[in-house]
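Student: predicted model and sequence below, questions to follow.
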Amino acid sequence: MSQEEQSAQNDATEASQSEDESGQIRPDPAFKEYTAEQARKAGLELRNVELPQLSLSDLVLAVPHNTRLVGTMFDFFAKVNVVEFKSENDPLTLRKLGLNQARAWLIFDKDPKLKLENLMSVFVCAQQPRMITRFLERKGINYRAEQKWLLRCDLGGIEVAIVICRLLPLERRYYWWLMFAPVSSQKWANFVTMLVEQGDLEMLKVVAKIRPVEVSAMTIEANRKPRRRSAKEREALNNMLHEMYQELLIVTKDNPEARAKVLQMRPPGLTPAQIVAYLTPEERLADLTPEQRLAGLEPEQRLAGLEPEQRLAGLNQSKS
């Protein structure tokens, strides 16, 4: 098995292990899986580098000779890139910055043909790394915003690039990193709304793997806004909404907070029978009066499961 095939197999194994019963993927392994897939499509090599002294980086991506990256999300890469993802719940700190720089130096030490100027330490961050920029300013280390969403600087001879997901433009080549913008940010909301308006159901399903409740809520809300859609587009979007909603009703049964949010949603076109089929007995009865709960039942059915004492409870009081 080639190194690239082994890497692909490892990614698939890790992704499957990172899913819960609903198929939801945690942000960190999702980033590795999706970025690795896009890197392969762009012609990059995924390298497996053994670093016994330190934990492995998320990805080590190499750019083969004559590979053109113009128009891809990797167009700022060096020849060898040590890539680390920092989610909104795991921001970039000085220690984590230093750790990835150490990884880069070890990779440089292991490859005698690699020139230092061809090596880059890359961080893809959900939000602005304010701790890092304040540190650089305090130490008088120059950094530049090559793009609004891309910061670069030189630290100890190794180039550092920091991608800020919440500042990425809404362009198709960045979709695979835009989904990792903070879910509370306007950029993430704009991204999901744009996918709904474009009818990009495949990408919506990918984003929903990471944020199923939030994507469903945003999709339902965006779908309520007036917009011209063909009958086929409306049907496809509604079918996806129904599928997502029913999955959420199943997977949130043991998560009261998430389930409360889901129960507040009502995708258009979903019948009460379709919703009720996934509700617990308690949820089905929550808004019904005692009379409504007993409607349609025969006396024998109403008394089923009751002890004799329970069946007679209240009779003497009612006669008096």
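Tutor: Arrived safely, thanks for sending.

Student: what sits against the residue most central in space within the chain?
Tutor: Closest residue to the average C-alpha location of the chain: Ile210 at 2.8 Å, with Cα atoms, centre = their mean. Neighbour list for Ile210: Gln24, Ile25, Arg26, Pro27, Ala30, Met179, Phe180 [criterion: Cβ atoms under 8 Å, 6 or more residues apart in numbering]. C-betas here are computed from N, CA, C, even on glycine.

Student: same question, Asp28
Tutor: Asp28 makes contact with Ser18, Asp58, Phe85, Ser87, Asp90 under the criterion Cβ under 8 Å, 6+ apart.

Student: and which of the residues you listed is nearest to Pro169?
Tutor: Pro169 has its nearest neighbour among the contacts of Asp28 in Phe85, at 19.3 Å by Cβ to Cβ.

Student: and the closest residue to that closest one other than its chain neighbours, what does it touch?
Tutor: Sequence neighbours aside, Phe31 is the residue nearest to Phe85 in space, at 4.1 Å (criterion: Cβ to Cβ, 6 or more residues apart in numbering). Applying Cβ under 8 Å, 6+ apart, we find Phe31 in contact with Asp58, Phe85, Ser87, Val124, Phe180.

Student: list the ones among the residues you listed that fall in strands.
Tutor: If you go by DSSP state E, these have Phe85, Val124 in strands.

Student: lowest-confidence entry in the contacts of Phe31?
Tutor: Note: of those, the lowest pLDDT belongs to Asp58, at 88.

Student: now do the contacts for that one.
Tutor: Counted by Cβ under 8 Å, 6+ apart, Asp58 has contacts Asp28, Phe31, Lys32, Thr35, Val83, Glu84, Phe85.

Student: pop out the phi and psi values for Cys153.
Tutor: Backbone torsions for Cys153, taken as degrees, to the nearest 10, come to phi -160, psi 170.

Student: of the contacts of Phe31, closest to Asp109?
Tutor: Of the contacts of Phe31, the one sitting nearest to Asp109 (Cβ to Cβ) turns out to be Asp58, at 20.1 Å.

Student: got phi/psi on that closest one?
Tutor: The phi/psi pair for Asp58 (degrees, to the nearest 10) is phi -60, psi -50.

Student: do the same with the one 4 residues further on
Tutor: Taking degrees, to the nearest 10, you get phi -110, psi 140 for the backbone angles of Ala62.

Student: with adjacent residues omitted, what lies nearest to it?
Tutor: Ala62 sits nearest to Glu45 (Cβ to Cβ, 6+ apart), 4.3 Å away.

Student: residue contacts, that neighbour?
Tutor: Glu4, Leu61, Ala62, Val63, Pro64.

Student: hang on, the earlier thing: measure the residue nearest to the centre of the chain to Leu204 for me?
Tutor: 11 Å (Cβ to Cβ, to the nearest Å).

Student: also Ala78?
Tutor: Distance from Ala78 to Leu204, by Cβ to Cβ: 33 Å.

Student: narrow the contacts of Asp58 to those in strands?
Tutor: Using DSSP E, the subset of these located in strands is Val83, Glu84, Phe85.

Student: wait, which of the residues you listed is closest to Leu106?
Tutor: The closest of the ones in strands among the contacts of Asp58, once distances to Leu106 are taken by Cβ to Cβ, is Glu84, at 14.0 Å.

Student: which one of Ala78 and Leu204 has more residues nearby?
Tutor: Neighbour totals were compared for Ala78 and Leu204, and Leu204 leads with 22 against 19 (other Cβ atoms under 10 Å).

Student: tell me the secondary structure at the more buried one.
Tutor: What DSSP: H, G, I helix; E, B strand; the rest coil gives for Leu204 is helix.
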